[in-house]
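Trainee: Build me a model from this:
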Amino acid sequence: MGRLNRTAVAVFITALFLGGCSAMKLYKVELPQNLQVSSRIESVEATLDIYRVSKQCETAYLGTVVLDRNMIELGIATEQPSYLVVGFSGSSFWSNSSSYTSYNITLLPRKAYQYELEVSYIDDIYHVAVYEINQNTSKKREMQDSELQNCN
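Mentor: Have a look, this model is predicted:
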């Protein structure tokens, strides 16, 4: 097999691996928008997987949002926990390697509040922060890990 053919086959296999062989479904925004996702991503792809959480802490996959814009507005259920997974994936064609890092959040959105999710991946360092904004007073506060990680 010639060099050009090997390169074409490698590119085709990489494209299949990265693009078409996953069970990802796009998240449909059917609820009033209460979650604003701002992202600044360099050298990787970022996604937000959204799950519904039952009273028994079991999850049901609702869909994925590709974080390919600086600002995305979504609607997630209020007074019901949602499990959010921010994922960062990268690959290097030349070194034939791939990587995946994620940050998991269990969020219980309240009525009369808006939420902001800040996501960044710059110079191989990721940062995720969640803010809650009271719609009546416009007061904004960063939510702590202890608030975000508990299912109950």
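
Trainee: Tell me where the protein has strands.
Mentor: In the chain, the strands defined using DSSP state E lie at 35-41, 45-53, 59-66, 71-74, 82-92, 97-107, 113-122, 125-134, 140-142.

Trainee: Out of those, flag the one nearest K25.
Mentor: Nearest to K25, of all the strands of the chain, is strand 59-66, at 5.0 Å by CB to CB. Where you see a C-beta, it was placed from the backbone N, CA and C, and this is true even at glycine.

Trainee: Now do that closest one: everything it contacts.
Mentor: Under the criterion CB atoms under 8 Å, 6 or more residues apart in numbering, residues 24-28, 37, 45-54, 72, 74, 83 lie in contact with strand 59-66.

Trainee: Pull up the distance across stretch 44-61, start to finish.
Mentor: 23 Å (CA to CA, to the nearest Å).

Trainee: Can you point out the buried residues in stretch 120-139?
Mentor: 120-121, 126, 128, 130, 132-133 (16 or more other CB atoms under 10 Å).

Trainee: hang on, the earlier thing: with mean pLDDT as extra columns, can I get the strands of the chain in CSV?
Mentor: Putting the strands of the chain into CSV (pLDDT from 0 to 100) gives the following:
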stretch, mean pLDDT
strand 35-41, 97
strand 45-53, 96
strand 59-66, 96
strand 71-74, 96
strand 82-92, 90
strand 97-107, 89
strand 113-122, 96
strand 125-134, 96
strand 140-142, 95
